[in-house]
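Q: Sequence first, predicted coordinates after that:
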Amino acid sequence: MRVPLICFGIVEWHLPDRCLRQFGREQCIPLEVPESQKAFHGRDGRQGTRDWPTKLGEFIAIWENRQLQDIVTPNQVGRMGYHDPYLDRYRQTSVRYMTPEGAADGALADGVERIKDITTGRNELGNEEAGFIR
């Protein structure tokens, strides 16, 4: 469930939609935490009001309706395709490889996937280039 975890004045979000693959689930593009809800992240509560039920009412309401925040995705079957929406977004926003070896393996896998795209007509190359690769 995608819910806020509340401890006095601190609110931390539990965001399982960011790591579904670790649990054998199909990965979707994770939702962002709304800006209005980031304001309480990491506060220590030593200053200001101690009327947490009033100040954190928005988060408490989400927690009380947590059954509505359940994330349901199918089991992951096989590898994600190169053009899976999650991977397309991931390539645009993240650092893909941590080691040179990982980068070499990833580049090889990407190359094979691109060749497959070209030969099946899923690429913008002209017929002459695609015919050459076939």
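A: That came in fine, so what should we check first?
Q: for residue 31, what are its contacts?
A: Residues near residue 31 by Cβ atoms under 8 Å, 6 or more residues apart in numbering: 2, 17. (Glycine included, C-beta is placed from N, CA and C.)
Q: And it, how far from residue 69?
A: 10 Å (Cβ to Cβ, to the nearest Å).
Q: Are there residues contacting both of the two? Which ones?
A: Common neighbours of residue 31 and residue 69 are listed as residue 2 (criterion: Cβ under 8 Å, 6+ apart).
Q: wait, residue 30 sits on residue 13?
A: No - with contact defined as Cβ atoms under 8 Å, residue 30 does not reach residue 13; the gap is 10.9 Å.
Q: just checking, what's the longest helix in this structure?
A: The longest helix of the chain (DSSP state H) is helix 100-119.
Q: list the buried ones in that helix?
A: In terms of neighbour count (16 or more other Cβ atoms under 10 Å), helix 100-119 has its buried residues at 113, 117-118.
Q: With distance to residue 19 added, can I get those residues in a markdown table?
A: Below are the buried residues of helix 100-119 laid out as a markdown table (distance: Cβ to Cβ, whole Å):
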| residue | distance to residue 19 |
| --- | --- |
| 113 | 23 |
| 117 | 28 |
| 118 | 33 |
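Q: Noted, bye for now.
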